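Undergrad: Dropping a prediction and its sequence here:
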Amino acid sequence: MSCVIGIDLGSTTTKAVVLDEQGAILGRGITNSRSNYDLAAAVARTEAFINARFGLIQQRAGGEAANAVPRLRRAFVLEQFLHQLRRLQQLVLEEADQTIPAALRPAFARAVDRIFAAIVGEEEARFKQPPVARSDFFRDAAGSAFMRLSENGAGVEGVTFDRLVGLYDKCIIRVENEPLELDFRDHIGTALRRIGSPAGLADAVEYAATADLTPAATVGTGYGRARLPFPKEQIRSEILCHGLGAHALFPSTRTVLDIGGQDTKAIQVDPEGIVTSFQMNDRCAAGCGRYLGYIADEMNLGLHELGPLAEQSKRTVKINSTCTVFAGAELRELLSLGQKREDILAGLHRAIVLRAMSLLARSGGVSDEFTFTGGVAKNPAAVRAIRELVDENYGSRTINISPDSIYTGALGASLFAKRMAA
Amino acid sequence: MAAKEVQKDRSMVLQKEMIANHFARLERAPENHEPVVYTFVPGNLTELIRSFGALPVLPEINALQSGMRKLSGDYIAEAERAGHSEDVCAYVKCDIGMMKSGNVSPAGTRLPKPDLLLLSYTGCYTFMKWFELLREEYECPTVFFHVPYQGDGKLEPKHREYMIRQLREQVIPALEKATGRQYDEERLRHHLALSARAEDDLVKVLHSAKRRPSPIDGYFGTVYYVGPVFSAFRGTEEGAEYYRALREEVDARAAAGLGPIVPDGSLDDQRFRLVVEGPPSWTHFRDFWKMFTDEKAVVVASTYTKVGGTYDFGFRHDPGDPLGTLADYCSGCYTNLNLPARVEMISRYIREYDADGFVINSIKSCNSFSAGQLMILREVEKRTGVPGAFIESDLVDPRYFSQANIKNRLESYFQMLESRRQGQAAGAAHEAAAVAV
């Protein structure tokens, strides 16, 4: 099957989109960029092809077997998780062997084994429950479980929380930067067995596993695009990719706003999706996605929890500075003045959007239709602020937000790849 | 692009010698009893200064050269330690820092103290504050020459008379006092005639960028070309000689169908023709230039290369009207033009030089240049239909140059130009096909 792939190497996450020869999306993949763009690109690409192969299974499987595909997908994700977890455990034990004083070593080894056994237990149990949303990334899920279980497991036999966390911090980076066997063929067999190999599914799996998905063209984009091992002709700027991606999702788009990890882009496109004008923030990342990341860390919250909390606000606090460096100080100052967390967060979201509005104005304003892309488009408080401010400044506009908006840049890149392959 | 080795034009070698000789002469000025006058590039009265046998020192040129030689970061830090804020013009801080670090010029020679600070005000308010600071440090006389701003787009005869009167009643007496010499109008005419000769050659060089390929880069290359005429060498024999050599060199490149010498060789294959507004980032000059040449982009005209005079619109120093011509010169410098005049100038460049686009480099620490640039961007786009790019950096403060961010914007911009070009070509083909059917 002929296909093409677009890869968007963002500063926070790396995304990949695979298209078939008609331009329909076969698969999407995402991973954290982990300061290693080469590996992040490889992982996102692998994930996108895994996703594409599951799409093929879904197409092929009929009747009862088709209903089992989502469960097979979850089993596959669990197998990938457990594979990484085993490697992490091995590294943590090796690290403990080298850095923990000999007298304490056996106690640490026992504590580590207990923690990892507990995580495995939790994951197996989680698989049996109805799905609950959580971060897609191994680092987030494994990290939060490890911290929680370390807190419980510390304090006995000289095992301290700090040392346990130190071991974890050192090893998670290594796990993330090793090329692990996480591909379709590596885990589909065990995943299938885990769900009891339902009748009719094995054929579909075999079909998907053997389907030839060799991309005819690859195009890269995003902040780290210069790191991609492609010739220059296969690299496109994020601006062009977000413009074309937004056009593909919503063909009447004329203005695009992308709030990414460390830059915000306001883009104007013509009826064909060709960029006619754009503005980006300067080298300061104030008001970009990364700012929300720092705020989440300061508040000890997950990034995805910020928007919903801000939505509970009854009285938005006015915030002028969106300086990422001063984010923590600003926040603590407001908390010390007795402001509520949700009100501060509502103010922060509005301040971010105000900065984006200034870029939009510079780029030529907001025309109908307006498409909001990037990771921040998933945040309900940011979306609400955008809607309010666009309405205040430009009047009624159709505002498009795709649930897959985070893939807009990768989608644009894949469309460029399709043109290249044609 | 041709060979990788660094190529240098003969004119460049000549200029290097001129600058080295000038700094050496400045170092010996106290022992040779040659008077020294500090003045600024926009509205510099070099011919008048020279007619008194004095040597000019141009602090902004020293600052930008310190930037190119990677010295400005330390000088700026020195000035900030002395209490100057981060937001102050980076040229000022670089100059103050250089002075506090022993006043060693970018050429490595010692700079003499000024006998006079000649402040020609041509639209930059910071210049006044700068010389106030220098006056404190050097405890030397200052003379202020006020050039009325072209707020309405042109000056009245009374403004010209006002400037001539200032020259006669204030500037010339101050120069007489500082140098101990009498004003000699014949000598001034002699220098002005040499200026006009150099200016003729310079304009021919600037206009050569109308050709395809352009034999010059109208920004990165031209900041070198305007060096002598913007600084100590206007109205001198060596200045006139430099411009003759430069013109011959450019004529030869044009005749051979060659592009300009750029960091990686000769840029003969030119994919984009651009106009640039705003000064370059001196601390990363070569990296910045390469971001253009890597995309085969040549700059065909720029406004920054007109801060020391808008000769390409017809002005020449006129020996027949010595003080009047100095007034006209000062009032026409780019820094003294209002926003509509700047919009008109950029639009005219885009049309006359057949440019594909224009880039605004907005300078963080220069409000006088940067204020209104977004309006300029929108207005020029509207008038010409040509898209503009907007990037931000600084003159000589290396902290404000973000390589990744600027490269990202420029790459995006060039790809946008390319895709618009392809889109237009596809549109044209589509229309042609429709007509054929």
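TA: Cool, got the structure.
Undergrad: Who are the contact partners of residue A:375?
TA: When the contact criterion is CB atoms under 8 Å, 6 or more residues apart in numbering or on different chains, the partners of residue A:375 are A:10, A:12-13, A:259-261, A:289, A:406. The way it works is simple: take the backbone N, C-alpha and C, and place the C-beta from them, glycine included.
Undergrad: again but with residue B:275, I slipped
TA: The contact partners of residue B:275, by CB under 8 Å, 6+ apart, come to B:218, B:299-302, B:346, B:349-350, B:353, B:355, B:357-359.
Undergrad: what about the stretch 101-250 of chain B, any weak spots by pLDDT?
TA: Within the stretch 101-250 of chain B, no range satisfies pLDDT under 70.
Undergrad: And chain A, by the same measure?
TA: The model of chain A has pLDDT under 70 over residues A:282-286, A:324-326.
Undergrad: Show the average pLDDT along stretch B:302-311.
TA: Average pLDDT, stretch B:302-311: 94.
Undergrad: what comes into contact with it?
TA: Stretch B:302-311 is contacted by residues B:41-42, B:44, B:199, B:202-203, B:206, B:218-219, B:222-223, B:225-226, B:229-231, B:275-280, B:312, B:315, B:329, B:332-335, B:342, B:345-346, B:349 when judged by CB under 8 Å, 6+ apart.
Undergrad: and whichever residue of chain B sits closest to chain A, how many residues sit next to it?
TA: Residue nearest to chain A within chain B: residue B:402 (3.1 Å; CB to the nearest CB). If you count neighbours by other CB atoms under 10 Å in any protein chain shown, residue B:402 ends up with 17.
Undergrad: same deal with residue B:312?
TA: Residues near residue B:312, counting by other CB under 10 Å: 21.
Undergrad: In this structure it contacts residue B:205, no?
TA: No. Counting by CB atoms under 8 Å, residue B:312 stays clear of residue B:205, with 9.7 Å between them.
Undergrad: roughly how far apart are residue A:54 and chain B?
TA: Separation of residue A:54 from chain B (CB to the nearest CB, to the nearest Å): 34 Å.
Undergrad: Skipping its backbone neighbours, what lies nearest that residue in space?
TA: What sits nearest to residue A:54 in space, not counting adjacent residues and going by CB to CB, 6 or more residues apart in numbering or on different chains, is residue A:73, at 5.5 Å.
Undergrad: In terms of helices and strands, where is the one you found?
TA: Using DSSP states H and E, the element containing residue A:73 is helix A:69-99.
Undergrad: so the most centrally placed residue in chain B, which of the three states?
TA: In chain B, the centroid-proximal residue (CA atoms, centre = their mean) is residue B:305; its distance is 3.9 Å. Following DSSP: H, G, I helix; E, B strand; the rest coil, we place residue B:305 in the helix state.
Undergrad: Just give the number of residues close to whichever residue of the stretch 51-200 of chain A sits closest to chain B.
TA: For the stretch 51-200 of chain A, the residue closest to chain B is residue A:177, as judged by CB to the nearest CB, at 21.9 Å. A count of nearby residues for residue A:177, using other CB under 10 Å, gives 14.
Undergrad: and if you look at residue A:110?
TA: When neighbours are counted by other CB under 10 Å, residue A:110 registers 14.
Undergrad: That one in helix, strand or coil?
TA: Recorded secondary structure, residue A:110: helix (three-state DSSP).
Undergrad: what's the neighbour count on the nearest residue to it once chain neighbours are set aside?
TA: Sequence neighbours aside, residue A:157 is the residue nearest to residue A:110 in space, at 7.7 Å (criterion: CB to CB, 6+ apart). Residue A:157 has 11 neighbouring residues, counting by other CB under 10 Å.
Undergrad: In contact with the nearest residue to residue B:23 once chain neighbours are set aside, which residues are there?
TA: Nearest non-adjacent residue to residue B:23, counting by CB to CB, 6+ apart: residue B:107, 4.0 Å away. By CB under 8 Å, 6+ apart, the contact list for residue B:107 reads B:19-20, B:23-24, B:65.
Undergrad: for the stretch 51-200 of chain B, what spans make up the helices?
TA: Ranges of helices in the stretch 51-200 of chain B, per DSSP state H, counting those that start in this stretch, are B:59-68, B:72-81, B:90-100, B:126-138, B:157-166, B:172-179, B:185-207.
Undergrad: which stretch among the ones you listed comes nearest residue B:33?
TA: Among the helices of the stretch 51-200 of chain B, the nearest to residue B:33 by CB to CB is helix B:172-179 (10.1 Å).
Undergrad: returning to that earlier point: residue A:147: which of the helices of the stretch 51-200 of chain B is closest?
TA: Here helix B:72-81 is closest among the helices of the stretch 51-200 of chain B (CB to CB), at 41.8 Å.
Undergrad: Now do the buried residues in the closest one.
TA: Buried residues in helix B:72-81, counted by 16 or more other CB atoms under 10 Å in any protein chain shown: B:72-73, B:75-76, B:78-79.
Undergrad: Then stretch A:168-176?
TA: Buried positions in stretch A:168-176, judged by neighbour count with 16+ other CB under 10 Å: A:168, A:171-172, A:175-176.
Undergrad: Does stretch A:415-422 reach chain B?
TA: No. Between stretch A:415-422 and chain B, judged by CB under 8 Å from any CB of the partner chain, nothing touches; the nearest distance is 9.4 Å.
Undergrad: May I have that stretch exported as PDB, CA atoms only?
TA: Taking C-alpha atoms only, stretch A:415-422 is exported to PDB below (Å, rounded to 0.1, in the frame of the first residue of the first chain):
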ATOM      1  CA  LEU A 415       0.300  16.700   2.500                       C
ATOM      2  CA  PHE A 416       3.500  18.200   1.200                       C
ATOM      3  CA  ALA A 417       5.000  14.700   1.100                       C
ATOM      4  CA  LYS A 418       2.000  13.500  -0.900                       C
ATOM      5  CA  ARG A 419       2.600  16.300  -3.400                       C
ATOM      6  CA  MET A 420       6.200  15.200  -3.500                       C
ATOM      7  CA  ALA A 421       5.300  11.600  -4.200                       C
ATOM      8  CA  ALA A 422       2.800  12.500  -6.900                       C
END
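Undergrad: Can you tell me which of the contacts of stretch B:302-311 are buried?
TA: B:41-42, B:44, B:199, B:202-203, B:206, B:218-219, B:222-223, B:225-226, B:229-231, B:275-280, B:312, B:315, B:329, B:332-335, B:342, B:345-346, B:349.
Undergrad: where exactly do the strands run in chain A?
TA: Ranges of strands within chain A are A:3-9, A:13-20, A:25-32, A:215-221, A:255-259, A:264-269, A:275-280, A:370-373, A:399-400, based on DSSP state E.
Undergrad: one step back: as a markdown table, the contacts of residue B:275 with distance to residue B:393 would be great.
TA: Formatted as a markdown table, these follow (distance: CB to CB, whole Å):
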| residue | distance to residue B:393 |
| --- | --- |
| B:218 | 19 |
| B:299 | 16 |
| B:300 | 21 |
| B:301 | 20 |
| B:302 | 15 |
| B:346 | 19 |
| B:349 | 21 |
| B:350 | 22 |
| B:353 | 24 |
| B:355 | 21 |
| B:357 | 18 |
| B:358 | 16 |
| B:359 | 11 |
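Undergrad: Just those residues: which are in strands?
TA: Counted as lying in strands by DSSP E, out of these, are B:299-302, B:357-359.
Undergrad: Residue B:164 contacts residue B:323, correct?
TA: Yes. Using CB under 8 Å, residue B:164 makes contact with residue B:323 at a distance of 4.8 Å.
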